[in-house]
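**Q** Build me a model:
(2 chains)
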Amino acid sequence: MYGKGILKGLGVTAKRFWETYTEDLAWLLRGKKRYYTEEGVRHRSSKDQKGIFTVQYPEERLILPEEARYLPFLVYNELADGKREILCTSCGICAKVCPPQCIWIVRSNDPTTGRPIPEPTEFFIDADICMNCGYCAEYCPFDAIKMDHDFEIASYGRNVYNMEQLLKSSEYYKSIRPQNYAREEAARKAEEEAKKAKAAAKAAAEAAAKAAPPPAEPPAASAADTQVNS
Amino acid sequence: MTTPAPASTSTIDLVARFPGVVQADARPGYSGFIVEKDSLIEVATAIRDEFGFDLMTAVTGVDYAPDKMEVVYHAYRTTGGPSLVFKVQVPRVDPVEVPSLIHLWPGVDLQEREAWDLLGIKFTGHPDLRRILMWEGFEGHPLRKDWKEGFYEEDTKPFKSRWPDGQFYMAEDKNPFKDNLTFPQNFDPEKWIPEGDALLYGALARYTVKSEEGISTDRIVINMGPHHPSTHGVFRAVMTLDGETIVGLKPVLGYLHRNHDKIGERNTYLQNMPFTDRLDYFNSMTNNFGYALAVEKLMKIPVAERAEYIRVIVSELSRIQNHLIFIGTTLNDLGAMYTPSLYTFEERELILDVFEAISGARMMCNYFRFGGVVRDIEEAEMNKIKDLVYERIPPKTDELDRMLSENEVLVSRMKGVRMINAEDAVAYSVTGPVLRAAGVPYDIRRADPYGIYDRFDFDVAVRYNGDLMDNYLIRIDEIRQSLRILDQAIKQIPQGPINSQKPQYQVRVPAGEAYGRVESPKGELGYYVVSNGKPNPWRYHVRPASFVNVTSLEKICVGTKIADFVVLLAMFDMVMGECDR
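**A** Numbering: from 1, shown residues only, chains lettered A, B, ... in the order given. So this is what the prediction gives:
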C-alpha cells in the first residue's frame, strides 16, 4: 500500500518507454535500420518485440502471411502468343458455395455449334457483399479463383467487379503465394504425368494384346518403364 | 448431492416418474423427453429439485410448420454431466401458449422473451413478455416459417434471384418505406407510440418517493446507452435512480440484431461457418468450434486426431487473447484510458498474427470444417505458437498482473463491490468466468468435456468472493490455465490428416437434432441445430453467453451506485454482436 502498487504499474510503463529508445540504440549500433525496413517490421511483430509496437502505416506495412485473404480474383495463364487462358470453366461451384451469394457467372453457348463454352462470358463479384470467407477459392476444382492480398479497396461507390477487373495473371498469383503455387503446380504436373502414364500403359497393353499369344513379361516391363518415367 | 453425476442421462427415467404425462422423444435422431403442456411446471420442478438439474441453459423455440411448435429446454447439473433435454409441443394455432418457467429458473427470462419475439410463443405467467430483439412496432414473428421479409428472395440458398436477368440491384435503390418493412394495417409511423413502453420512454419522468426516514426524494429514469462509450457496443440500460443508487434497471437489446438464426436457416450447413465468426468477433475460433460440434453430432462423423489438437490450440489461444482484451477494456472503463489496453493488444496482435497465418484472416477466421479444420499448422507457425506460449505470454501476463493487481486505484474500485453470489448466479443461468468467480467451479471443459479436453490436465479457475476483483483476477487465472493446456497440446500433437472427411461443399446431414456447446471465454456458447435431411438446417439457434448472462444484470445492479454500473457491465465481457446476433 501507500502507493506501492501505483509505482509498480508506472514502472511497467517506464520500462516500455525506455525500451523503445534502448532498442533503437541497439539497432543503430548494429548498423541496422529499425524503421521503414522489412526486417524492422518483422522484428516488431515477433516475440522479441520490445518498446514501440506500432507500424507507421502508409510507409510501413505489416508483412502478410501467404494465406492472408481479402477479395477473390480469377487466375489466367499468359500464353506464348499473348492470349489469356482463363482457368475458370464456369462450373458454378464458387457461386453455389458462396455464403452471401455475391458471385454471378454468365455462361453462353457457341453460336455455330450451339454447345456451351467452358469459359465464362462474364463473371461478377459484388465486393461489397463479399465476406472474404475464402470458400470460392477453397472449393474451386480448377484452382481458377484465388484470394487476393490487396486490402486497400476503399472507393466512393459500390464495388461490383466484372471479369476484366477480376482477372489477374498466374505470375501475380505466384508472387503473392509462392508455396501454394508450387504445391498446386506439383499436383497438376503429377496428375498430368499420371494421365500420360495411364495412356502409355493402355497403349502398351493394347500392343501386347495384339501380339499373340500374350506373354507375361512385356506388360510388367512397360509398367516398370512408366514408373521410372513418372 | 453426494453421488457424482451419472455418465448418461438415459438412466433418468422421467417416463416412469410421470406416467402418462412424459414420454420419450422417439423421432429418429432426437433425444430427450416430451412433456405435456399442462404438467410442465410440475415436471420441471421435479427436474430441478429431485434430479438436481439446477442450471437451465438454453430455451429454444422451434417451428415445425405446419402442425406444431416446440419449446426445447436444456438443463444441466452444476456438478457436471450431460444435459437433460425436455420439450413441450403445442399445436400451431394462435395463440401458441406454453407455461413460463421463470419462477423456477429466473435465467429463462430473456430467452423466453426471445422465443416470444421471434416465434410468437406466448409464455403464460411471464411477467414482462415484451419484444426484445425486434422493435416494438415490428409486424410478425420473423423465425416463423411462413414469415416473409421485405426483400424476400427465396427460402433457402443458393438463391436464384440475387441477380435477376444478370443485373445486380442495390438494396438502397428500393424504397424502404414501401418494400423494406411490413407494417400493421392502417399503421402511421408518424403517430405511432410504442405500447407498454411508457416506463422506458418516460425518461424524464420524476417519481417522488418518501424514504423510511420520511424524507421525500426524487427518482429519475435515465437511459444509459445505446451509444454510451462504456457499454461496449449498442447496449442500452434504462435505469431508475435514487440519487446515485440504482433502484431499477431494464436492459434493452436488439440494436445490433441481424437475425442470425434466420440467416442460418437459409444458409447451407457449410455456409453458416463464416457467419458464426461474426457473432463474437473476438473469438471466431471458439464460435466455429461450437457450430462444428453441433453439426458433427448430427452427421455422426469423427474428427481427425491432429485436428482435435489443433482445435484445442486455437481455441485456447483465442481464450487468452479474449481475456487480454477484457482486461484492457475493463481498465478503460475504470478510467485507465489507454495504456493498459495497448499493452494487452500487443499480445493479442501476436496471437492474431498466428491466426492469420493459419486461417487467412485475423478475426473472421472461418477455420473449422466438419470433421476437422481447413488447413494444417505448418512447422513455422507451430514454432511461433511455441514462442508465444513458452517465452512471450507468461512473462507478459506476470507483468500485467504486477502492473494492475495491486494498483491501489484498481483495488479500491473493485474489491468488495459485489457482483453476484453463487446461488443467484446458478438461478440466473450465468455461465463462464462470472459464475466461477462467484464460487461455482463449473467449466464445460471439465463438467461435460467436448473435443479432447478430457485428456488435458488443468484446473478449473475458481474464486469465491464474487466481487469485481475476483472477476478480474479469474481472467488472469484462466490465461495461466490456458497456457497449461497449450503446453500439453503442443507436446502431444500427433502428425496425420487434418480432416476425417473429403472436402465437400455440400455436406449430407441426416435428420435429427443436436446441441453443441463450448466453454467460450464469455460462458456457455451453444448451437441448437435441427436437420430434416435437406441441405439447409430447419432450425438453427445460437445460445449466446452474453445474452443469457445479461439476464442477471438487474439483480446485480439494483442497490449499487451508478458509477459501478459501468464496471459491472464490463465484467460480463459483452460483445453485442453475440448478444443481439
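**Q** mind checking which helix or strand of chain A has the lowest mean pLDDT?
**A** The helix or strand of chain A with the lowest confidence, counting by mean pLDDT, DSSP states H and E, is helix A:217-229 at a mean of 43.
**Q** tell me the SS of residue 156?
**A** Looking at chain A here, since you left the chain open. Counting by DSSP: H, G, I helix; E, B strand; the rest coil, the backbone at A:Tyr156 sits in coil.
**Q** not what I meant, chain B
**A** Applying three-state DSSP: B:Thr156 is coil.
**Q** Which residue is the nearest non-sequential neighbour of it?
**A** Distance criterion Cβ to Cβ, 6 or more residues apart in numbering or on different chains; nearest residue to B:Thr156, sequence neighbours excluded, is B:Asn536 at 4.4 Å. (C-beta placed from N, C-alpha, C; glycine too.)
**Q** Quick check, the one you found in contact with B:Ile263.
**A** No: contact criterion Cβ atoms under 8 Å: B:Asn536 and B:Ile263 do not qualify, at 10.9 Å.
**Q** those helices in chain A, which residues are they?
**A** Assigned helices in chain A, in chain order: A:4-29, A:38-44, A:93-97, A:135-139, A:163-166, A:170-176, A:178-210, A:217-229 (criterion: DSSP state H).
**Q** B:Glu381: which of these is closest?
**A** With Cβ to Cβ as the criterion, B:Glu381 lies closest to helix A:178-210 of these, at 12.3 Å.
**Q** so what does the closest one touch, helix or strand wise?
**A** For helix A:178-210, the packing partners by 3 or more Cβ pairs under 8 Å, 6 or more residues apart in numbering or on different chains; DSSP states H and E come out as helix A:170-176, helix A:217-229.
**Q** That one: which residues count as buried?
**A** Neighbour-count burial for helix A:178-210, counted by 16 or more other Cβ atoms under 10 Å in any protein chain shown, picks out A:Asn180, A:Tyr181, A:Glu184, A:Ala197, A:Ala200, A:Ala201, A:Ala204, A:Ala208.
**Q** May I have the residues that are in contact with the first one?
**A** When contacts are counted by Cβ atoms under 8 Å, 6 or more residues apart in numbering or on different chains, A:Asn180 is found next to A:Glu66, A:Glu67.
**Q** Distance of it relative to chain B?
**A** For A:Asn180, the distance to chain B equals 10 Å [Cβ to the nearest Cβ, to the nearest Å].
**Q** Disregarding residues adjacent in the polypeptide, which is nearest to the residue of the stretch 401-550 of chain B at minimum distance from chain A?
**A** For the stretch 401-550 of chain B, the residue closest to chain A is B:Glu406, as judged by Cβ to the nearest Cβ, at 3.6 Å. Residue nearest to B:Glu406 in three dimensions, not counting chain neighbours: A:Gly5, with 3.6 Å by Cβ to Cβ, 6+ apart.
**Q** and that neighbour, how many residues sit next to it?
**A** 19 (other Cβ atoms under 10 Å in any protein chain shown).
**Q** Repeat that for B:Val59.
**A** A total of 30 residues lie near B:Val59 under the criterion other Cβ under 10 Å.
**Q** In a helix, it, correct?
**A** No: using three-state DSSP, the assignment for B:Val59 is strand, not a helix.
**Q** What is the three-state secondary structure of the residue nearest to it when sequence neighbours are not counted?
**A** Excluding the flanking residues, the one nearest B:Val59 by Cβ to Cβ, 6+ apart is B:Gln111, at 4.1 Å. The three-state label given to B:Gln111 by three-state DSSP is helix.
**Q** B:Gln111 reaches B:Gly61, doesn't it?
**A** No: contact status for B:Gln111 versus B:Gly61: not in contact, 9.1 Å apart, counting by Cβ under 8 Å.
**Q** Give the helix, strand or coil label for the residue nearest to B:Thr156.
**A** Applying three-state DSSP: B:Asn536 is coil.
**Q** got a pLDDT number for it?
**A** For B:Asn536, the model assigns a pLDDT of 90.
**Q** and B:Leu104, how many neighbours does it have?
**A** Every residue meeting other Cβ under 10 Å relative to B:Leu104 is counted, giving 19.
**Q** Tell me the spacing between it and B:Phe187.
**A** B:Leu104 sits 38 Å away from B:Phe187, going by Cβ to Cβ, to the nearest Å.
**Q** Equivalent analysis for B:Ile490, please.
**A** To B:Phe187, B:Ile490 is 60 Å away according to Cβ to Cβ.
**Q** neighbour-wise, which of the two wins?
**A** Shown here are B:Ile490 and B:Phe187; by other Cβ under 10 Å, B:Ile490 has more neighbours (17 against 12).
**Q** Point out where chain A drops to low pLDDT.
**A** Scanning chain A for pLDDT under 70 picks out A:1, A:212-230.
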